[in-house]
Every structure is written in C-alpha cells, then in structure tokens.
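Visitor: Requesting a structural model of the entry that follows:
(chains A and B)
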Amino acid sequence: MRDVAVVGFAQAPQVRRTDGTTNGVEMLVPIFHEVFDKLGMTKSDIGFWCSGSSDYLAGRAFSFISAIDAIGPVPPIVESHVEADAAWALYEAWVKIQTGEADTALVYGFGKSSAGNLRRTMALQLDPYVLAPLWPDSVGVAGLQARLGIDAGLWDERAMAEVAVRSRRDAETNRFAQLAGSKDVDELLASPYLAAPLRMHDCAPITDGAAVIVLAAGDRARELVERPAWITGIAHRVDSAHLGARDLTRSPSTAGAAQAVGIDGVEVAELQTPFTHQELLLRRELGLGADVRITPSGGALAGNPMFAAGLVRIGEAAAHIADGSAGRVLAHATSGPALQQNLVCVMEGR
Amino acid sequence: MSKNRAAVLGTGQTHHRAKRTDVSMAGLLREAIDRAMIDAQVGWDDIDAVVVGKAPDFFEGVMMPELFLADAIGAVGKPLLRVHTAGSVGGSTAIVAASLVQAGVHQRVLAVAWEKQSESNAMWALSIPIPFNMPVNAGAGGYFAPHVRSYIRRSGAPNHIGALVAVKDRRNGAKNPYAHLQQADITFESVQNSMMLWDPIRYDETCPSSDGACAVVIGNEQAAAAVANPAWIHATAMRSEPTTYAGRDQVSPQASREAAAALWKQAGITNPLEQIDAAEIYVPFSWFEPMWLETLGFVPEGEGWKLTEAGETAIGGKLPVNASGGVLSSNPIGASGMLRFAEAAMQVMGRAGDHQVDGARTALGHAYGGGSQFFSMWVVGAEKPE
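Guide: This next block holds a predicted model:
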C-alpha cells in the first residue's frame, strides 16, 4: 500500500441557514480557495476529484453537476461522486491514489439541510415498500434506538445529557460550530422530550455546511506540509437495513471496520454521532477507554452539515496530527438510519 | 507504483422491459447479480465488497436505495459504496470496482448498476425547477437535439444517417434476448416514417425507458486464473467538464476527447479503428453514433457518419458498434453504462451469443452523462495486459 496522508482541510461555517443554492457552490468556492492558498496549490495540481452529496437533500436530480462549477473544471478533470457522506468520497479517492493513477486528490462534501424538512427527507432512506410509507422520521428512528439501549441498561438519559454538555462546551473553541455552550445536566434533563427519550439537546442541529480535504501520497505529502496525517488504515462496512432484524444497540459494521483498520493506541477519536446515545454506543463498540479524547471539536451535536459532517470528522482528527497535539487519531463517519453504515479511519504523525 | 491486474470474471443482466412489475427493486438487482455470480462461478463468500451505481434517486423515489437494498445485494458486513455520476454512472461504477482490485484492496468485487424507471417518472425527476438554471422540461431529447443539428451542419452529414443507426441497433437488439425492444422487422422506411419528437430526432431514433440492472464481478489475477476466458481490463478513463462555459463545444466535448486519448494511451492502442474489434458506445439518440465515433478518435472529425453510412458499424463491418442493440434497444438509465462495459467484456469472453462479433479480442465500453459532460470508458481484452 502507498503512504497517503491528509494534508489540507477547510470547512464552511456550520450555520442554520445559508442564502446560497442547494448546489453548494457558494459554500465551496471560499473553502477551495482557502485550502489551495494554504497548500500553495492550484486546481491543476489535483490528480483526482471526488465529492459526496445527496439529490434528495438538494431537492433536485444531479446536485453534483452544478457543484463542479465551484471547481471550474476547464480543462476537464478526472472526477467521481458518491451519493453518501463525503467520507466515502475520501475512501474512493484513497483507493484511486492506491492504484497509482493519482498522487493527489481533493475531496469535498456539501449539504443545505435548511432547504427542506430534514426529518421527513431522511425517512425516505427507509425500505420504500414496508417502512417508509409509515413515515418514521430520522429523529423517531434514533429515539427507538436510544430507548432500546436504555431498556437494556446500556445507557441512561443522564449519561446522554452528559455527552451533550461536553460536546457543546467543547464547541466553544470551535469557531465553525453552529451551537456552543451548554446548560448543566440537571437543567437539560428538566426540558421536555422531543421524541422520547430524546430531548432537544440529544439531537444534532439542522445545519448547512461544506468541507474539503486534500490527500497526497508519499513525498508529495511531505513537500506540501510539515506534518501530514498519514492514513494507516481506512475501512467501512454496512449493516442490515431492517430495523427490526438488527440489534440497534450494537454496531457490528463499526466494530468490523475498526478491526480491519487497527485502532489501538489512538489518543483522539472524532465520532460522527448526530444523537447523544450514539456516542455511548460507539465508544463501547470501539472499546475506547477513558484516556481517549472523544470528539473534541464538539462533533455533529454542535453542527451537522449533512453529507459533509463525516468528512469534517476526518479533517478535525487530522488537525490534531498537523498541530502536533496528538500522534495517533481515529475518525468515524456514519450513513443511513440508526448508524447503518460506518467508516473508520486511523491517522498518524511520523 | 504499478497497478494490480484486474479482469471481469462474469457478467449478468436482467430482461429489460418498460415495467418490471413482476419484481421489486431488490428482485431486479438480484436477477442481474445472480446471473453475474453464476457466470463468474463465485459464491457470496467470494465477494469482498459491493459497489452500486444508479442515476438520480428521484427516478425511483427512494433516497440512497442501496441502504435498504444492503441485505438483498449481499453487502451486509461488507463495504458498500454508492456511485452517482449521471448517465455515465454504470461505467463509473465498474471503474470504481476495478480500482478496488487494481489498488490491491480486494480480491473480488461485485458491481451492480440499475434503474427501475417504472417506480417513478424520469421526465418529472429531470424537470424539477432549479434557481439560476435553464429548465430541461423537454427531457433529454430536447436537450440534445440542438447538438445533433449542430453536428449535421458542421459535418455535412446527409439527413438519413440517424435512421441507419436506428435500424442497425434495433435489429442487433433483436439478437439479444435481454434487450427491451425486439424489432427484427424494423426498416429504414419505418424509422423515417416515425413521429418527429425533437427535430431531427424521430421516435424510432430514441432510446426507450426501461427497468433493468446489470452486474459484473471483477477479480484480481489470482481470481481470474480460476475462471475460463476472463475479460482483462486494459485501460479505464473518466473525465468531467462543466455543463456550460464560454466556448464549450457540446458536439465534440473536450472531456470526451481527452478521456479517449488517455484511454488509448493506457491501453497501448495507436490506431483504435484497426485495433478495436467491437465497441459498445452510449448512443441514446441515433446520431450520437457518428458523433462519438469522432470524439473517440476512431475517425477524423466530420467523418463519423461515413463509417456508419458504409455499413462498417454493423456486425461484420470494420468496427461493429452496439452489437447488443445498445441504449437504443434498452435504457435502464443507471445500468446503461454498465451494460456497455459488460457487453464489451462479453464480446472478448466469447459469451455474447447471437450477437457475438466473430473473433473479438479487444473491445471498448463507453458511457456518458449529464449534458455530454461526464465520460467513463474502458478497454477490455482476451489477452492479459503486459
């Protein structure tokens, strides 16, 4: 395998509503400039481009077609797109570099959740024959998952609130976060349910946003930055779609991906958990001890740009390598209802 | 670093029809997957990862349908990747699957591409009004007709070339048991008498709307050694350009020309017309055959129609194009690109049945999408690449 590293990362401010189109260009152009300026690169230095976005979120077919206008791909580029969080686009780009066909890649994701009714839109990911017609929305499905864990004695509402408090207080130092700062646990627990047992603080906000990451191989990475975040392993898996047929308190796809990658000794773990109980579930599944710093950016609970939030986790984790504050980090991304699909990426400084 | 060799071990496709109401989406995919896995002589334990491709989710009305299909397509516990690159997606999906093998990540990967247009309405899905964008309310035909007119004007092609392509592809389709349209008796006159839809494109020069799926199993050298006559992947190429920009040539897009040049170089092909034995080219409207023959570099600019008119693109000609019947005979949009890639592989594997091109050793699979702006293509061969 070739040595491939994250060398650049930029993100748009995570906000409740942008004035731009659902094509993402208004959010993408400034962050392309930012990452290119930082690395001293231009678009002609990029060997492969890959993006992640969703037509359903954008409310149109081919949302990515207009998004490539943010690149200005003249002359033509080598480019691909996944209908998933851009963390999976990063995976495709990593594979492309492994084939030797490219030495650099730019990966981006974008989502304008404010354009529609996110909870209902996400319900359309469910089985269209037997489940989606009942319209269980994304918060309701997450609520079922949280309830199952509570009933099984795996977590409780207080532990969930503690995750919310820590995440939103951590976000006070994240200038991109949509939500920062938190009331105390007892105050949070006094608030009404949104979808029992979930309260407002247990759920990620609705966010517009975008992110970009640049990957480079070997010497190219070392030329570009002082401390590349070398990807020592990246893997993903999917679980059954049938909510009634899988144990929603477990995440075998996360455990399988982590086992394939090897996660021992990580100091920081940026987990994409749009609901508080999902952090508790994943920590257990990944076997992360008390010595591992969990999602210091504040994570999805502080800002959740759909189809970019997983890529943001990789960028935030890599930033700890770049600034020397950690030597080995883990990033996690998720897709699908109730953590159906999961990706694990481990990076190191050398 | 050099890539690992990769080969198509087996292919499968559905019987393409306007409405496959006899199967669910999962059933449709499995029909293609099961045939591909039997053809490749593999079981589920042999598959390391699944790559799914399809065109816009609005075409069925399900957001990221691969998630709900995960169980049916054997992906549970494995990596599942969803590709979406417009009409070129079937080709792109095969290329992503090939990359996973060429990168050394996996030994065998299942790729499947599909569309079940009868679940929704593609014309509607393509016509959602978008701020600051020109509406495409007439669908794809209305969008591409001006490009065809421009080609006719620039090349001086006689008006009947499109009808020649339609007759050839529909008759070829009648030799392919999976093809949606079975029109063995179609004639040049009947095509020319069919209704004008988007001048100069007539009804019989237009692809149908189909339900269908296509699957391929791609494996590494070790996996290929276990099967008879794999189709070795000699080269792959993808290119994208914007829908519009000042000076853009939509008849001969730069992305098409550059993808083809990169493809031939990678495959070590210096004279594609002589060295390619069969080509499966994405021709949703008849006139795109001569247009793509030119941008692919088979003939100089303005000469594509002459190859068609001389009958050289028919089975038995110098360069049989779309021996399967092509997109003009079946168009399950997301699968159409992979069908081109799979049919090219079937030709060099010697498994194309009644539409087999005699002695085909090297073949092209080609797909395009968007406003003639996304391209994916591959060259497959009976011989192992150097």
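Visitor: okay, the spatially most central residue of chain A: pLDDT?
Guide: Most central in chain A under CA atoms, centre = their mean is A:G310, positioned 1.1 Å from the mean C-alpha point. You'll see A:G310 listed with a pLDDT of 98.
Visitor: Downstream of whichever strand or helix holds it, the next helix or strand is which one?
Guide: Per DSSP states H and E: A:G310 is located in helix A:309-322. Once the chain leaves helix A:309-322, the next helix or strand it forms, by DSSP H and E, is strand A:328-335.
Visitor: Mind listing the strands the helix or strand that comes right after that next one pairs with, and their directions?
Guide: Next along the chain after strand A:328-335, taking DSSP H and E as the criterion, comes strand A:341-348. In the sheet, strand A:341-348 lines up against strand A:229-238 (antiparallel), strand A:328-335 (antiparallel) (DSSP bridges).
Visitor: tell me the mean pLDDT over the next helix or strand after the longest one?
Guide: Read in the C-terminal direction, the helix or strand following strand A:229-238 is helix A:252-261, with elements assigned using DSSP H and E. Regarding helix A:252-261, the rounded mean pLDDT is 98.
Visitor: do the same with stretch B:353-363
Guide: Mean predicted confidence for stretch B:353-363 is 98.
Visitor: List the buried residues of that stretch.
Guide: B:355-357, B:360-363 (16 or more other CB atoms under 10 Å in any protein chain shown). Where C-beta positions appear, they are placed from N, C-alpha and C, glycine not excepted.
Visitor: May I have it as PDB, with CA atoms only?
Guide: Taking Å, rounded to 0.1, in the frame of the first residue of the first chain, the C-alpha atoms of stretch B:353-363 are listed here in PDB:
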ATOM      1  CA  GLY B 353     -24.500 -15.400 -28.000                       C
ATOM      2  CA  ASP B 354     -26.300 -14.500 -31.200                       C
ATOM      3  CA  HIS B 355     -24.800 -11.000 -31.200                       C
ATOM      4  CA  GLN B 356     -21.200 -12.200 -30.900                       C
ATOM      5  CA  VAL B 357     -18.700 -10.500 -33.100                       C
ATOM      6  CA  ASP B 358     -16.500 -13.200 -34.600                       C
ATOM      7  CA  GLY B 359     -13.000 -13.200 -33.200                       C
ATOM      8  CA  ALA B 360     -13.400 -10.200 -30.900                       C
ATOM      9  CA  ARG B 361     -10.300  -9.900 -28.800                       C
ATOM     10  CA  THR B 362     -10.300  -6.300 -27.800                       C
ATOM     11  CA  ALA B 363     -13.400  -4.200 -27.100                       C
END
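Visitor: chain center to that stretch, what's the gap?
Guide: 17 Å (CA atoms, centre = their mean, to the nearest Å).
Visitor: what sits up against that stretch?
Guide: Contacting residues not belonging to stretch B:353-363 are listed as B:172, B:175-177, B:231, B:234, B:267, B:269, B:275-280, B:315-316, B:320, B:323-325, B:344-345, B:347-348, B:350, B:352, B:379-383 [CB atoms under 8 Å, 6 or more residues apart in numbering or on different chains].
Visitor: Apply 6 Å and report the result again.
Guide: B:172, B:175-176, B:276-278, B:320, B:323-324, B:344, B:347-348, B:380-382 (CB atoms under 6 Å, 6 or more residues apart in numbering or on different chains).
Visitor: For those, name the two members farthest from one another.
Guide: Spanning the widest gap among those are B:K175 and B:G381, at 23.1 Å by CB to CB.
Visitor: Pull the contacting residues for A:G52.
Guide: A:82, A:84-86, A:88-89, A:109, A:307.
Visitor: Run through the bridge partners of it.
Guide: A:V82, A:G109.
Visitor: quick one: pLDDT of it?
Guide: Reading off the model, A:G52 has pLDDT 98.
Visitor: Now find how far off-centre the helix holding A:G310 is within its chain.
Guide: A distance of 9 Å separates the centroid of the chain from that of helix A:309-322, by CA atoms, centre = their mean.
Visitor: before we move on, what about stretch B:84-96?
Guide: For stretch B:84-96, the distance to the chain centre is 9 Å (CA atoms, centre = their mean).
Visitor: what's the answer for stretch A:77-90, then?
Guide: 13 Å.
Visitor: How far does it stretch from one end to the other?
Guide: This stretch, stretch A:77-90, spans 17 Å end to end (CA to CA, to the nearest Å).
Visitor: Now do it: everything it contacts.
Guide: Counting by CB under 6 Å, 6+ apart, A:48-52, A:64, A:107, A:109, A:307-308, A:310-311, A:333, A:335, A:343, B:64, B:82, B:84-85, B:92, B:238, B:240 sit against stretch A:77-90.
Visitor: hmm, 7 Å instead?
Guide: A:47-52, A:54, A:64, A:68, A:71, A:73, A:92, A:107-109, A:211, A:213, A:236, A:307-311, A:314, A:333, A:335, A:343, B:57, B:64, B:81-85, B:92, B:96, B:238-240 (CB atoms under 7 Å, 6 or more residues apart in numbering or on different chains).
Visitor: wait, what's in contact with B:V109?
Guide: Counting by CB under 7 Å, 6+ apart, B:V109 has contacts B:48-49, B:51, B:97, B:100-101, B:218.
Visitor: Nearest residue to it in space, please, no chain neighbours.
Guide: B:A97 (4.4 Å; CB to CB, 6 or more residues apart in numbering or on different chains).
Visitor: In three-state terms, label the one you found for me.
Guide: Three-state assignment for B:A97 (DSSP: H, G, I helix; E, B strand; the rest coil): helix.
Visitor: got the contact list for it?
Guide: B:51, B:109, B:111, B:218.
Visitor: Would you confirm that the first one belongs to a helix?
Guide: Right, the one you point to is B:V51. No: judged by three-state DSSP, B:V51 forms no part of a helix; its state is strand.
Visitor: quick revisit: now intersect the contacts of B:A97 with the strands, please.
Guide: B:51, B:109, B:111, B:218 (DSSP state E).
Visitor: Export these to CSV and append columns for pLDDT.
Guide: Listed next are the ones in strands among the contacts of B:A97 as CSV, based on pLDDT from 0 to 100:
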residue, pLDDT
B:V51, 98
B:V109, 98
B:A111, 98
B:I218, 98
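Visitor: ok so, going back, in space, what's closest to the residue nearest to the centre of chain A - neighbours in sequence excluded?
Guide: A:A333 (2.7 Å).
Visitor: so how far is A:L282 from the one you found?
Guide: A:A333 sits 11 Å away from A:L282, going by CB to CB, to the nearest Å.
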